[in-house]
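> here are the coordinates; sequence isn't available:
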């Protein structure tokens, strides 16, 4: 029934739009899903450009707020990962762009932010801030790391391996 509440008179889902102060809302609050620590596939949904005002650890700089959709069996999880555009942490930028296949290791790369739809794999952990626990990207994996490293704590359930069937070879028989 809820799907019909979100449709207009033509049976179409309405486009995103600004609400006025007295608008009616029909959607329920989205439930926050805290992921288990582990490796997850992600898709870049959007990038927002912003400005970081600086802190004791990092000077003021531009920041890319990358919206990621995390694939998992519990439900769709969206998180925003901030990439600081500063030479102090340019290795994090490199790690991200290598992970989505745009940068090659050992080669210079001019950043581009038209990256919605790109995919990769990352390690998700937890961050505690003001007594609340949040999902946080701890690492972006390069394609080479995925081919050589054993995968631990992946969200996908591993299928039980079957014992190999023993067969005997008889010439001329299939």
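Okay, I see it. Keep in mind that this is a model prediction, so the values were computed, not measured.
> To what extent is residue 73 buried, counted in neighbours?
Number of residues near residue 73 (other C-beta atoms under 10 Å) recorded here: 7. From N, CA and C alone the C-beta is placed, and that goes for glycine too.
> give me the beta-bridge partners of residue 51?
Under DSSP bridges, the beta-bridge partners of residue 51 are residue 62.
> That one touches residue 65, doesn't it?
No. Look at residue 51 against residue 65 with C-beta atoms under 8 Å: they stay out of range, at 10.6 Å.
> longest helix of this structure?
Counting residues, the longest helix found in the chain (DSSP state H) is helix 90-99.
> Let me know the average pLDDT across that one.
On average, the pLDDT along helix 90-99 is 96.
> Would you map the helices across the protein?
Going by DSSP H, the chain shows helices at 2-5, 90-99, 143-148.
> Where does the prediction get shaky in the chain?
Counting by pLDDT under 70, the ranges of the chain that qualify are 1-15, 27-31, 149-174.
> Looking at residue 51 and residue 65, which is more packed in?
Neighbours of residue 51 and residue 65, each counted by other C-beta under 10 Å, are more numerous for residue 65; the result is 13 against 10.
> Surely the more buried one touches residue 50?
Yes. Assessed by C-beta under 8 Å, residue 65 is found in contact with residue 50 at 5.6 Å.
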